[in-house]
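Student: my questions concern the predicted model and sequence given below.
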Amino acid sequence: MTTTTTGRVQPVVQQRRRMSPAQWRDLRDGLLYTSPFLLGVLFLWVGPMLYSLYLMTQDWNLITDPKFVGLRNFERALEDPLVTKSLGNTAYYTFIGVPLQLLVAFGLALMLNQSVKGLSLYRTIYYLPSITPAVAFAVVWIQILNPEFGVLNNILGSVGIGPIKWLFDPAWSKPAFILMSLWLTGFQMIIFLAGLQGVPRELKDAAAIDGANTWGRFWNVTVPIISPVIFFNLIIGIIGSFQVFTSAFIMTRGGPQDSTLFFVLYIYRNAFEYFRMGYAATLAWLLFLIIMIFTAIQFFVANRWVYYEGKV
């Protein structure tokens, strides 16, 4: 709006800016090249998520027509003891396994950040297990953890420990899975290594001039600088641990005594063994909600310990 010399208010008509032919071509090319990803997200992610919302109110066995049951699937989840059991197993794996994974990955990254001969070979050796196919990984560890002729029990037996029935004893089955997860820390190790190599040398030298010893430089310089990297690995680690499935499905099928019945495995059972698709969709959304809550908590707490360069 503008005011004339006579005091009258007149509207200002703004002409809509038109895109030039070059901008139209850029937009067209951008949409064309990103269309595989956009269509994949639409049909393989957003579409199934919306459909699962519909299934939450249905009783469907994949054969007959879906039957509307309202909130019955929610009520069943509240009454199902295996929901509590599987969530407890998953929480045990998460809150013990993830910190150990971060410690191992960080320790390996610190060692591989040194200037030693054959460093590239060492980095390759420690990273290779993380890209091992899941089935091969499970088969190898079945042999390692075999209570009769497994390599691990043979090593423990040489020092007078064992034998331990790793995957056949409810008390040891979840620790066995946590032990196996430490073999797959190559991805986190690489991210930690990249963070360590990004720490400015000048800050370490300045701390050394001020009298800081090796531990002081590490704790007061290195850790704050790479705290965003630690936070990222923590987020990814917790999300991944809540979705552990393949190894438990292949190696134990949830046993013994449901001690390795993790939540995603229980969702799979309801969907493709018991053919309760509506109930499985409800459990899947429950898992999504739990992951979102834990992620939000971590972002809230991160303000107290994560340092971002340039942040006032």
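Tutor: Okay, I see it. Numbering: from 1, shown residues only.

Student: in the stretch 51-200 of the chain, which spans are helices?
Tutor: 72-79, 81-111, 119-127, 134-144, 151-157, 170-181, 186-197 (DSSP state H, counting those that start in this stretch).

Student: now tabulate those helices in TSV and tack on mean pLDDT, distance to residue 211 and mean neighbour count.
Tutor: Heads up, the C-betas are built off the backbone N, CA and C, glycines and all. Below are these laid out as TSV (pLDDT from 0 to 100; distance: least, C-beta to C-beta, whole Å; neighbours: other C-beta atoms under 10 Å):
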stretch	mean pLDDT	distance to residue 211	mean neighbour count
helix 72-79	94	59	14
helix 81-111	95	23	18
helix 119-127	89	31	14
helix 134-144	91	47	15
helix 151-157	90	44	15
helix 170-181	94	40	19
helix 186-197	93	23	19
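
Student: which among the ones you listed is found nearest to residue 273?
Tutor: helix 81-111 (12.6 Å; C-beta to C-beta).

Student: residue 26 is nearest to which of the helices of the stretch 51-200 of the chain?
Tutor: Comparing the helices of the stretch 51-200 of the chain by C-beta to C-beta, helix 186-197 comes nearest, at 32.3 Å.

Student: who does the helix or strand that the closest one is followed by touch, helix- and strand-wise?
Tutor: The C-terminal neighbour of helix 186-197 among helices and strands, as given by DSSP states H and E, is helix 201-209. The helices and strands touching helix 201-209, judged by 3 or more C-beta pairs under 8 Å, 6 or more residues apart in numbering; DSSP states H and E, are helix 214-217.

Student: after the helix it packs on comes which helix or strand?
Tutor: helix 223-225.

Student: buried sites along that following helix?
Tutor: 224, 225 (16 or more other C-beta atoms under 10 Å).

Student: can you tell me the closest non-neighbouring residue to residue 123?
Tutor: Spatial nearest neighbour of residue 123, excluding adjacent residues (C-beta to C-beta, 6 or more residues apart in numbering): residue 112 at 5.3 Å.

Student: was I right to think that neighbour contacts residue 126?
Tutor: Yes. With contact defined as C-beta atoms under 8 Å, residue 112 counts as touching residue 126 (6.8 Å).

Student: which one is residue 55 nearest to, not counting chain neighbours?
Tutor: residue 281 (3.9 Å).

Student: any weak-confidence spans in the chain?
Tutor: Low-confidence segments of the chain, defined by pLDDT under 70: 1-17, 310-312.

Student: show the contacting residues for the nearest residue to residue 216 once chain neighbours are set aside.
Tutor: With C-beta to C-beta, 6+ apart as the criterion, residue 216 has its nearest non-adjacent residue at 6.7 Å, and that residue is residue 207. Shown in contact with residue 207 (C-beta atoms under 8 Å, 6 or more residues apart in numbering): 216, 217, 220, 221.

Student: let's see it at 10 Å
Tutor: Residue 207 makes contact with 213, 216, 217, 218, 220, 221, 222 under the criterion C-beta atoms under 10 Å, 6 or more residues apart in numbering.

Student: restrict those residues to the buried ones and give me that as a ChimeraX selection.
Tutor: Per 16+ other C-beta under 10 Å, the buried members of the contacts of residue 207 correspond to this ChimeraX selection:
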select :217,221,222
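
Student: nice, that's everything, thank you.
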